[in-house]
Every structure is written in C-alpha cells, then in structure tokens.
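# Whatever this is, show me its structure:
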Amino acid sequence: MRLLLLSNSTAPGHGYLDHARAEIADALGGARRLLFVPYAQADHDGYTARVAEALAPLGVEVTGAHTAERPASLVDAADAVFVGGGNSFRLLTALHRHGLIDAIRAKVTAGALYMGSSAGTNMACPTLRTTNDMPIVQPPSFDALGLVPFQINPHYLDPVPGSTHMGETRAQRIKEFHEENDVPVLGLREGTWLRAGNGRLTLAGVPAGAVLFRRGQEPVEYGPGAELTELLAGRPAFDSPQG
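Residues are numbered from 1 along each chain as shown. From the prediction side, this is the model:
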C-alpha cells in the first residue's frame with residue numbers, strides 16, 4: 001500500500017504544499033492523473049484550483065471529485081487520490097454520502113497512491129476519533145478509510161511551559177482517548193509526514209518529528225528517518241499483500 005500522509009499542507013514561509021514538493025513528486029512517480037477530494041472545505045472549485053496550481057510544476061492533471069454527479073465514478077480513472085485538509089467531520093460525512101469510502105479503499109488497495117493532508121490524513125486512520133476539529137456536521141459513522149491500523153493526530157502541539165491556557169493540552173486529549181481505547185496514536189508535528197510503501201512505514205520532514213502514544217506507556221519521540229513499520233502490524237484484512 002502506497003501512502004503519503006502529511007501533517008499539514010502549508011508550512012511557515014512556504015506556499016501551499018511547497019515544503020513537501022520533492023516528497024510528493026517522488027511518491028507520485030509517473031502518476032499523472034490525480035483525483036482531488038475537496039470536501040473538507042466549502043469552496044470545492046477554489047480548493048481544487050489551488051491544488052491544481054500547486055501540482056502543475058509536477059505535470060499532474062488534477063480532477064475534483066465534486067465535478068461528477070457520482071464522485072466515486074472518477075476513482076477508477078485516477079493514478080492517485082489526494083484528500084485535502086479542512087474539517088474532518090464535514091469531510092467524512094461527504095465520503096460516506098458519495099460512496100467514496102469503499103471506492104478509495106479499493107483503489108488504494110489495488111496499488112494507487114493515497115495522499116492526505118491534515119483532515120485527509122485523519123481519513124487514512126480507522127476512525128476520525130483523534131481529529132482536532134469541531135463536529136460541525138454529524139457523519140453517519142466515525143469509521144474512516146482504515147488504510148493504517150493506528151490513529152494519527154495531525155498538527156500535534158507540545159505543551160507550552162508556563163502557558164496560562166487552562167484548556168487541555170493535546171497530550172491530555174490523547175490520554176483521554178486512551179482511557180477509552182487501546183489503539184496507538186502518532187502525534188505528527190507541523191512539517192512532518194509519513195510515507196508507506198513496500199511494506200515499510202517511515203517518518204520524514206522537519207527535525208521536530210513525531211511522538212507516539214500507547215495506552216499505559218510513556219510517550220516515545222521519533223525523528224526524521226525513523227522506521228515505524230511496526231505500527232502496520234495488525235493492518236486491516238483488505239490491505240494488499242504487496243504492501
């Protein structure tokens with residue numbers, strides 16, 4: 001299974017997707033037909049145009065899933081699928097409504113590249129339970145694509161020493177998650193991403209890296225280049241045997 005899961009799509013001082021452009025180009029390989037899923041944001045046309053502009057230097061032809069009466073019908077013709085960021089609840093609701101859960105899962109299992117950023121990265125997990133977003137709409141189910149068997153928390157923020165903010169930190173929220181669930185959670189800091197292929201899972205991006213939370217254990221820090229393949233153990237039955 002081929003995955004590129006970005007914590008964020010825009011980094012400080014960079015244009016949209018610029019910070020990960022080389023990684024995106026490498027992940028795409030010879031893929032030229034990309035289906036973009038814009039449902040995490042309200043302006044589908046504008047969002048798709050932004051992605052098309054960002055990927056034009058790579059020679060990629062971008063089609064918005066919203067341009068078809070049946071969005072799932074566009075999946076088969078694509079070489080890669082990119083699910084953009086925004087509100088995870090709105091995105092997942094649309095994926096279920098348009099029949100894209102099964103369609104994207106089947107396409108990626110067959111070997112197509114799946115790219116996600118932020119909310120789109122959340123969608124690669126079993127559920128959206130570790131999103132940072134407000135539930136502005138109610139999905140019919142919390143079940144997401146399940147392309148990986150663990151949860152991801154994009155835009156992970158470390159506690160700030162001396163902060164006067166009285167709300168829970170991200171680490172405290174993930175601890176609450178583990179009071180009810182026994183699933184690893186990888187906190188992806190800004191500027192980092194996960195790359196999966198050939199049965200391996202690696203971390204890349206900025207030196208800040210990521211932090212892995214497991215129920216009943218102390219968090220573990222990982223830097224760029226870290227091998228995280230062990231997190232793929234227990235992957236869903238629909239995964240491709242080729243990896």
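
# can you list the weak-confidence ranges in the chain?
Counting by pLDDT under 70, the ranges of the chain that qualify are 165-167, 234-243.

# ok, 50 please
Scanning the chain for pLDDT under 50 picks out the ranges 236-243.

# got the residue ranges for the strands in it?
Under the criterion DSSP state E, strands of the chain are mapped to 2-6, 33-37, 61-64, 80-83, 113-117, 151-156, 185-189, 192-197, 200-205, 210-213, 220-222.

# what helices or strands is the shortest one leaning on?
Based on contacts counted as 3 or more CB pairs under 8 Å, 6 or more residues apart in numbering; DSSP states H and E, the elements that strand 220-222 packs against are strand 210-213. Just so you know, the C-beta spots here come from the backbone N, C-alpha and C atoms, and that holds for glycine as well.

# Give me the sheet partners of the strand it packs on and which way each runs.
Each strand that pairs with strand 210-213, with its direction, by DSSP bridges: strand 185-189 (antiparallel), strand 220-222 (antiparallel).

# tally of neighbours for residue 142?
If you count neighbours by other CB atoms under 10 Å, residue 142 ends up with 13.

# typo on my end, it should be residue 145
Close neighbours of residue 145, defined as other CB under 10 Å, add up to 26.

# what residues are up against the residue nearest to residue 85 when sequence neighbours are not counted?
Closest residue in space to residue 85, ignoring its immediate chain neighbours: residue 118 at 2.9 Å, by CB to CB, 6 or more residues apart in numbering. Residues in contact with residue 118 (CB atoms under 8 Å, 6 or more residues apart in numbering) are 6, 7, 8, 9, 40, 84, 85, 86, 154, 155.

# Would you list the buried entries among those?
Neighbour-count burial (16 or more other CB atoms under 10 Å) applied to the contacts of residue 118 gives 6, 7, 8, 9, 40, 84, 85, 86, 154, 155.

# Which residue, neighbours along the chain excluded, lies closest to the fifth one?
In space, not counting the residues next to it along the chain, residue 40 is nearest to residue 86; the distance is 2.7 Å by CB to CB, 6+ apart.

# in this protein, which spans are helices?
With helices called from DSSP state H, the chain shows them at 21-28, 44-55, 88-97, 100-109, 119-122, 170-180.

# buried ones in the third one?
The one in question is helix 88-97. Using 16+ other CB under 10 Å as the test for burial, helix 88-97 gives 88, 89, 90, 91, 92, 93, 94, 95, 96.

# centroid residue for this protein?
The centroid of the chain falls nearest to residue 121 when counting by CA atoms, centre = their mean (1.0 Å).

# and the nearest residue to that residue once chain neighbours are set aside, what is it in contact with?
Leaving aside its chain neighbours, residue 121 sits nearest to residue 5 (4.3 Å; criterion: CB to CB, 6+ apart). Shown in contact with residue 5 (CB under 8 Å, 6+ apart): 115, 116, 121, 124, 148, 152, 188, 193, 194, 195, 196.
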